[in-house]
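1. give me a model of this one.
(3 chains)
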Amino acid sequence: MIALLVRDIRLAMRAGGGFGLGLAFFLIAVVLVPFGVGPEGGLLGTIAPGILWIAALLACLLSLDRIFTLDYEDGSLDLLATSPLPMEGVVAMKALAHWLTTGLPLTIAAPVLGLLLNLPESAYYWLVVTFLLGTPALSFIGTFGAALTVGVKRGGLLLSLLVLPLYIPSLTFGAEALRRGAEGMANTVPLLMLAGITLGTIALLPFVAAQAIRINLR
Amino acid sequence: MMPDLGKYETVILSSYGASLLLIALLILASWIRARRVQRELSRMEEHRRHAKRPSGPPDAGAGAKEDS
Amino acid sequence: MSIWEYANPKKFMETTARLMPWLVALTAVTLIPGLVWGYFFSPEAENFGTSVKIIYLHVPSAFIAINAWIMMLVASLIWLVRRHHVSVLAAKAAAPIGLTMTLIALITGAIWGQPMWGTWWAWDPRLTSFLVLFIFYLGYMALWEAIENPDTAADLTSILCIVGSVFALLSRYATLFWPQGLHQDASLSLDKAEHVADVYHRPLVLSIIGFVLLFITLVLYRTRTEVRARRLKALQARERMA
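-> Numbering: from 1, shown residues only, chains lettered A, B, ... in the order given. All right, here's what the predicted structure looks like:
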C-alpha cells in the first residue's frame, strides 16, 4: 500500500502530472480575480474566502481524471484488482496521493495567495484550518467520481458534472466557516460540519468507489 | 370567461405557457422515442423470425423478455 | 402473487399495457380540471393578487421533482439488491421527468419571484437546493448516456443516485447556514399546503394528484420504451455475434 502511494506521488510529481497543473491553475485563477473585479482592497478582502475556496475546488477538479485513467489504459488497474491488495485500499491510497499532490500544496499556497487578495489578517489561521479540514473531502469525493467514469472515454466533462454537486456541501461549509472566522464570528458549527463531511467521505466513499471500479472492470 | 388577471397577466400566462410547453415537450420526446424503439424492435424481430427460423430454438435464453 | 412478479419484464409489459389507457384517462380527468380550476375559478390572494394562480403549477412540479428522485433512489436500491431490470429502467425513465419538473418549478418560481420579490433569482436555500437537484438529474442522465454496457450503466447510475441523495440532503442543510436575510424571502412562499386557505387548497390538491398521475403514467410509458430498447440492444448484440 505504501509502495502504491509512493508510486502515485512520484507519477504525479513527474512532468505532465497533476501536481504542477492544479497548483498553477489555483495560482492563475486567484491572480486573475483582481483583474476581473478591480483592485479595490475592501471588496477583494470580502470575497477572498469564497474565491480561494472556489479556485481550490476547481484546481482539484482539474486533476481528477488522472487518478484512474492512466492506470486503466495501460492495464495496471487490472493488475491492482487481481493483486492481494483490497480494492478499497487501492482507492484510499489513490485518493490520499491525490490529496498529497493537490490538496496539501493548495493549503500551503493559499495563505500566500490570500495576501494577494487582501484577505483580512484574522482569516489566515481559519484559511489553513478550513483547507486542511476540507480538501481531503474534495480528493475522496473526486476519487469516487473518477471511479464511476473510469471506463468512459474523454469523461472529463462528465466527471466534472458528476462531482460538482457533490462538492457543494464542502464548499458551502468551508467558505462559510472561513468567512465567519475572518469576521470574528463563531464558526464552530460549519467547521464541525466540514470536518464531519470529510471524515464521512474518507470512511465510506473508498468502499463505494472500490465497488464502482469492480463494476467497471467486470 | 377569461379571468381578469390584472397586473400579473404576463406573469401567469408565461408561467402556464412555459410549464405546459415543457410538459408537452417531455411527452413528445417520450412518444417519439417510444415509436422509434418499437419500430426498430419489431423490424429486428421480424428479421430474426425470417432469418433464424431453421437454426436453433427461437427466442431461447436471455432475450426472451417480452413479446411486443 | 407478490409485487416482485412485475419485475418479470414480460409480466410488466402485459400489465402496464392494460393499465395505460386507464392511467392516461385518469391523468386527464385530474390534471386538466385541476389546472382549469386553478386558472379560471380560484380567487385572488390578499397579498399576491392573481399571481397566486402560479402555485397550481409551482407546488405540484416541485413536489414531483423531489419525489421523482426519491422514487429513483428506491428503484436503484431494488436494482442493486434484487437485480430486477425493470426497476432500474424505471429509475432511468423517471430522470428526464424529474429534470423537467425541476425546470418547471425553477421557471415558475423565477417568473413569480420577479414581481413579488423584485428579482428573478435569490440564493435562497430552497431555490439553491433545486438548482443542485437539477445538476444531479443532469449528471445521472449523462452517466446513463456515457456508458455502453447497460448493466454497468445501471450499477453505476444506481450508486450515483444513492451517493447523490446523501449529498443532496447535505447541501440542503449546508445552505441553511447562510446568513439570514438571503432567505427571508422564502417566508413569502406559499410552499406548504397547510398554510394555504381552503379555496386555494382544493384546486391545489387536485393539481398535485394530476401531476402525480402524470408522473406515474409517463414513468410507466417510458419504462415500457426502455424495456423494449433493452431487448433491442440484446438482439442487436446477438446479431453481431452470430
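
2. so the helix or strand containing B:R36, near chain C or not?
-> Assessed by DSSP states H and E, B:R36 sits inside helix B:9-52. Yes - using C-beta under 8 Å from any C-beta of the partner chain, helix B:9-52 reaches chain C at B:9, B:11-12, B:14-16, B:18-19, B:22-23, B:25-27, B:29-30, B:33-34, B:37-38, B:40-41, B:44-45, B:48. For the C-beta atoms, the positions are set from N, CA and C on the backbone; glycine is no exception.

3. which of the residues you listed are buried?
-> For those, a burial check counting by 16 or more other C-beta atoms under 10 Å in any protein chain shown picks out B:11-12, B:15-16, B:18-19, B:22-23, B:26-27, B:30, B:33-34, B:37-38, B:41, B:44-45, B:48.

4. before we move on, the earlier item: rounded mean pLDDT for the helix holding B:R36, please.
-> For helix B:9-52, mean pLDDT rounds to 87.

5. what packs against it?
-> Judged by 3 or more C-beta pairs under 8 Å, 6 or more residues apart in numbering or on different chains; DSSP states H and E, helix B:9-52 is in contact with helix C:55-82, helix C:85-117, helix C:198-241.

6. dump the C-alpha coordinates for the very next helix or strand once past the second one into CSV.
-> Read it as helix C:85-117. Of the helices and strands lying after helix C:85-117 in sequence (DSSP H and E), the nearest is helix C:125-146. The C-alpha trace of helix C:125-146 is given here as CSV (Å, rounded to 0.1, in the frame of the first residue of the first chain):
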residue,chain,number,x,y,z
PRO,C,125,-31.8,27.6,0.4
ARG,C,126,-34.9,26.3,-1.2
LEU,C,127,-34.0,27.7,-4.6
THR,C,128,-30.5,26.6,-4.4
SER,C,129,-31.3,23.1,-3.5
PHE,C,130,-33.5,22.9,-6.6
LEU,C,131,-30.6,24.1,-8.7
VAL,C,132,-28.5,21.3,-7.1
LEU,C,133,-31.2,18.8,-7.8
PHE,C,134,-31.2,19.9,-11.4
ILE,C,135,-27.5,19.3,-11.7
PHE,C,136,-28.0,15.9,-10.1
TYR,C,137,-30.6,14.9,-12.6
LEU,C,138,-28.3,16.1,-15.4
GLY,C,139,-25.4,14.1,-14.1
TYR,C,140,-27.5,11.0,-13.6
MET,C,141,-28.8,11.1,-17.2
ALA,C,142,-25.3,11.9,-18.6
LEU,C,143,-23.8,8.9,-16.8
TRP,C,144,-26.5,6.7,-18.3
GLU,C,145,-25.7,8.0,-21.8
ALA,C,146,-21.9,7.7,-21.4
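
7. now helix C:125-146: buried residues?
-> Going by neighbour count (16+ other C-beta under 10 Å), the buried part of helix C:125-146 is C:125-144, C:146.

8. swap in stretch C:97-117?
-> For stretch C:97-117, the neighbour count (16+ other C-beta under 10 Å) marks C:97-114, C:116-117 as buried.

9. out of those, who's near chain B?
-> C:97, C:100, C:103-104, C:107-108, C:111-112, C:114.

10. check these for the minimum pLDDT and say which it is.
-> Here the lowest pLDDT out of those sits on C:Q114, with 77.

11. that residue and C:W120 touch, don't they?
-> Yes - between C:Q114 and C:W120 there is a contact under C-beta atoms under 8 Å: 5.2 Å.

12. of all the helices and strands packed on helix B:9-52, which one is nearest A:L162?
-> Nearest to A:L162, of all the helices and strands packed on helix B:9-52, is helix C:85-117, at 13.6 Å by C-beta to C-beta.

13. do that closest one and chain A meet at all?
-> No - judged by C-beta under 8 Å from any C-beta, helix C:85-117 and chain A are separated, with a smallest distance of 12.6 Å.

14. that helix packs against which elements?
-> Counting contacts by 3+ C-beta pairs under 8 Å, 6+ apart, helix C:85-117 packs against helix B:9-52, helix C:9-36, helix C:55-82, helix C:125-146, helix C:150-175, helix C:198-241.

15. and the contacts of stretch C:162-176?
-> With C-beta atoms under 8 Å, 6 or more residues apart in numbering or on different chains as the test, stretch C:162-176 has contacts from A:144, A:165-166, A:168-169, A:172-173, A:176, A:193, A:197, A:205, A:208, C:69, C:73, C:76-77, C:80, C:123, C:125, C:128-129, C:132-133, C:136, C:139-140.

16. for that stretch, what is the average pLDDT?
-> Here stretch C:162-176 scores 85 as its mean pLDDT.

17. on that earlier part again, out of the helices and strands packed on helix B:9-52, deepest packed?
-> The highest average neighbour count among the helices and strands packed on helix B:9-52, using mean count of other C-beta atoms under 10 Å in any protein chain shown, belongs to helix C:85-117 at a mean of 23.
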